[in-house]
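Peer 1: Sequence below, structure please.
(2 chains)
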Amino acid sequence: MSQTSDAFGKADPIDIDSAVSVRGVSKNYGEVEALRDLSLEFPRGQLTSLLGPSGCGKTTLLKIIAGLIPATAGEIEIDGRKVTGPGPDRAFVFQDFALLPWANVLRNVSFGLELRGVGKSEREAVAEKYIGNVGLSGFEKAYPHELSGGMRQRVGLARALSVDAQVLLLDEPFSAVDEQNRRKFQEDLLALVRNENKTFIFVTHSIEEAVYISDQIAILLPRPSRVSEIIRPTSFRGTKADNIRRSPEYLDIVDQIWASLRNYVE
Amino acid sequence: MNQRSLFLKLLSAVIVFGAWQIAGLIPVSYAFPTFTESMHALYTITMDGRLFTAYAETLRPLVLGVAISAVSGIGLGLWIGLSSRFDWLFSPIFIVMQAAPLAALIPILVMAYGIGLTSKVFVVCIMAMPVIVLNTSTAVRNTPASIKEMGRSFLASDRDIILKIIIPAASPVIFSGLRLGVSAGFIGAILAELKITPTGVGDIITYSRSIADYPTMYAAIFSIIVLAVLFLNGLERLENTLFEGNNRGYVSD
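Peer 2: Model prediction:
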């Protein structure tokens, strides 16, 4: 347990440069209080997971940050600018991929740039590059229904990367993907966080996944939703991806989170 | 695009026309000619030009009515699908129109608009439009919320969302509405010629029946079915060219 308490100890002082700040955000759906006075900082260039039992409002929070739904109270700031709606500084990866079934991979990946009015040859060149980066070269002309679940989410990821947003919002991106593909994705995501200087906000309900990929884990508890703990794993973040799941700190944190969440799972 | 094999096409044609021939030979009714007699009559009316003068007359209300129904039907359907107030205002009209016994309403149309082209175009529209409007509005309303949300998160304007997301997403159901509507329009055009004034193909049918020339009557009916099938095939080609990825491999024929 020593490593866990060590990790919790380091969570308190937040003097890091934060890319996204959530301040006192509340969200009510009529009588139902989804979020109450929630505040959270997202450090620049790192991956923060929002983890909690289902119905705890983690996707709601992510969509408020994306500007897709308005908050009832409070504010979101990205690099000091207030969020009033969707913006070019954020890109979203959807749980159900949200691809256009009538468009091929190339058009789907370049769709974000198309909506921004980027010319056809330019946006297709950018899209080609990211299609290559996510390992889908050769599938440019394929349609979504011809791809496997894992490949579809790679298209969704490439679309989000191609608009070159500073903040990537991922809403349970791997939950509709099979176990083996999910592991591959998680490894790729670690490399992506290291190589791209972007801020990642990642919603998941998988404790193992959150601990494996996160620089910072925010545990959300339901009814009404609030941040109950922030955990920052320290010792295994620098090690090779293969060794993370064997690290004692990894196992301790997974146990610790389960201990605090189990009461909330019906 | 998948194509049914030529063998299957020929086989089904042989079965249907063979059954027709046998039924005509028995005969099931004095008024039911054989397939070969009907084809011979078709050849005769094609050669002496009666078929072409008839279609010149029939196609006017048909093409006008179908064009009006398609354009305004899709337009209205989009509007109804996008706005709940408009839905509340207009949907009942089309539901009533679809359920109305048209043949019984034709005398009222004739009293209001006479026996000319206007009434016939009206009949075609009443047959064709409701299914086009209702299909379009349902399809628009059922656009997956997640791809609209995706559009918004990638900064789509309202216009982008309608043109680049809602319309393509709704297109399979819009086109199936168009196919049903166009078929109904063909029925409407013939119905108008049988019930209002006998002109065109309706005239061939009515006249041949009255002089008991059943092969010619069936030849005229057969020709309108062939025309409808050709038209529907053209529509499907158009759909596949416009929205290729929506094609899930169903057979075009």
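
Peer 1: could you list every residue that touches A:Asp188?
Peer 2: Contact analysis of A:Asp188 by Cβ atoms under 8 Å, 6 or more residues apart in numbering or on different chains lists A:Val134. Just so you know, the C-beta spots here come from the backbone N, C-alpha and C atoms, and that holds for glycine as well.

Peer 1: That one is in what secondary structure piece?
Peer 2: According to DSSP states H and E, A:Asp188 maps onto helix A:179-195.

Peer 1: next structured bit after that helix?
Peer 2: Per DSSP H and E, the first helix or strand lying C-terminal to helix A:179-195 is strand A:199-204.

Peer 1: Check A:Gly238 and give its pLDDT.
Peer 2: Residue-level confidence at A:Gly238 comes out at 69, pLDDT.

Peer 1: One more: A:Ser206?
Peer 2: In the predicted model, A:Ser206 carries a pLDDT score of 88.

Peer 1: and if you look at A:Ala7?
Peer 2: Reading off the per-residue confidence, A:Ala7 sits at a pLDDT of 49.

Peer 1: What sits closest to residue 46 if chain neighbours are left out?
Peer 2: Just going to use chain A. A:Asp215 (3.8 Å; Cβ to Cβ, 6 or more residues apart in numbering or on different chains).

Peer 1: Switch to chain B, please.
Peer 2: For B:Thr46, ignoring the flanking residues on the chain, the nearest one in space by Cβ to Cβ, 6+ apart is B:Phe52 at 7.7 Å.

Peer 1: tell me what the strand or helix carrying that neighbour is packed against?
Peer 2: Assigned by DSSP H and E, B:Phe52 belongs to helix B:50-82. In this structure, helix B:50-82 packs against helix B:35-47, helix B:84-99, helix B:117-141, helix B:167-195, helix B:200-210, helix B:214-242, with contacts taken as 3 or more Cβ pairs under 8 Å, 6 or more residues apart in numbering or on different chains; DSSP states H and E.

Peer 1: Hey, what's the angle from it to helix B:35-47? Just curious.
Peer 2: On the basis of axes from the mean of the first three to the mean of the last three Cα atoms, to 10 degrees, helix B:50-82 is oriented at 100 degrees to helix B:35-47.

Peer 1: Could you check the angle helix B:50-82 makes with helix B:117-141?
Peer 2: In this structure, helix B:50-82 runs at an angle of 40 degrees to helix B:117-141, with the same axes, to 10 degrees as the basis.

Peer 1: Now do the buried residues in helix B:50-82.
Peer 2: Residues B:50-51, B:54-55, B:57-58, B:60-62, B:64-66, B:68-70, B:73-74, B:76-82 are the ones in helix B:50-82 that count as buried (16 or more other Cβ atoms under 10 Å in any protein chain shown).

Peer 1: Double-check that B:Phe32 belongs to a helix.
Peer 2: No. Checked against DSSP: H, G, I helix; E, B strand; the rest coil, B:Phe32 lies outside a helix; its state is coil.

Peer 1: distance of it from chain A?
Peer 2: In this structure, B:Phe32 and chain A are 46 Å apart, going by Cβ to the nearest Cβ, to the nearest Å.

Peer 1: so is the residue nearest to that residue when sequence neighbours are not counted in a helix, a strand, or just coil?
Peer 2: Beyond its immediate neighbours in the sequence, the residue positioned closest to B:Phe32 (Cβ to Cβ, 6+ apart) is B:Gly24, lying 5.7 Å away. Secondary structure of B:Gly24, reduced to three states by three-state DSSP: helix.

Peer 1: Any stretches of chain B with poor pLDDT?
Peer 2: Within chain B, the set of residues satisfying pLDDT under 70 comprises B:1-4, B:245-253.

Peer 1: please redo it, this time with the cut-off set to 80
Peer 2: For chain B, applying pLDDT under 80 flags the ranges B:1-5, B:243-253.

Peer 1: Could you list the domains of it?
Peer 2: Chain B breaks down by automatic domain parsing into domains covering B:1-32, B:35-242.

Peer 1: Flag every residue of the stretch 151-266 of chain A that's near chain B.
Peer 2: Neighbours of chain B within the stretch 151-266 of chain A, by Cβ under 8 Å from any Cβ of the partner chain: A:Arg159, A:Val163.

Peer 1: Perfect, I'm done here.
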